[in-house]
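*Asks:* Build the 3D model from these lines:
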Amino acid sequence: MKVITTEINGLLIIQPKVFEDNRGYFYESYNESLFHQNGIDQHFVQDNQSLSHTGVLRGLHFQKPPYDQGKLVRIVKGAVLDVAVDIRKNSPTYGKHFSIELTEENKTMFWVPSGFAHGFLTLRDNTIFSYKCTNFFNKESEDCILWNDTSLGINWGIESPQLSEKDKTGKLFNEFETCF
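*Replies:* Next comes the predicted model:
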């Protein structure tokens, strides 16, 4: 397993060791000991999976403390543009974002700790997105920043994605008061 740091402290790119031959492939998508050795010393309590079609955008979501979540995300099938926005008020990268393409071919995983708003844009039909969470979902704690807020400068590469009602009415970043 190779762990790559990003320009935003806490966000990690994880490239598993993949064993491929004429039968297919095998890799460990999670190994607690290896993850702890590489700085992800977390206890995961919930696994989630979604299926989305091309052009679906989900985000930018987070849960407020004490129900905040870290997420270990990966693609089972398909591809996404995955984005994390730093919402930690004392962070030198507050308001900055990082994006990465996760695909079934590259098998790359992305660690998004608590204190980040997270979202993704589906790049292929029938994309299966999987993520492990460090806390249980709590409806009253969820919040959303507007995906296309120009102050964030995120290049999603799409003007009219398919959105949920919640994602259409997210908060503007400059009107958002962080609790991290």
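*Asks:* give me the beta-bridge partners of residue 75?
*Replies:* Residue 75 has the following beta-bridge partners by DSSP bridges: residue 129.
*Asks:* likewise the one 4 residues further on?
*Replies:* According to DSSP bridges, the residues that bridge with residue 79 are residue 103.
*Asks:* Repeat that for residue 117.
*Replies:* Beta-bridge pairing of residue 117 under DSSP bridges involves residue 85.
*Asks:* which residue is nearest the middle of the chain?
*Replies:* A centroid search over the chain (Cα atoms, centre = their mean) returns residue 118, at 4.8 Å, as the residue closest to the centre.
*Asks:* Hmm, residue 83 and that one touching each other?
*Replies:* Yes - assessed by Cβ atoms under 8 Å, residue 118 is found in contact with residue 83 at 7.1 Å. (Each C-beta comes from the backbone N, C-alpha and C, glycine too.)
*Asks:* Need the residues touching each of these two.
*Replies:* Shared contacts of residue 118 and residue 83 (Cβ atoms under 8 Å, 6 or more residues apart in numbering): 59-60.
*Asks:* which residues of the chain fall in strands?
*Replies:* Remark: strands assigned in the chain by DSSP state E are 2-5, 12-15, 19-21, 24-26, 46-52, 57-63, 71-77, 79-86, 97-103, 109-112, 116-122, 127-133, 142-144.
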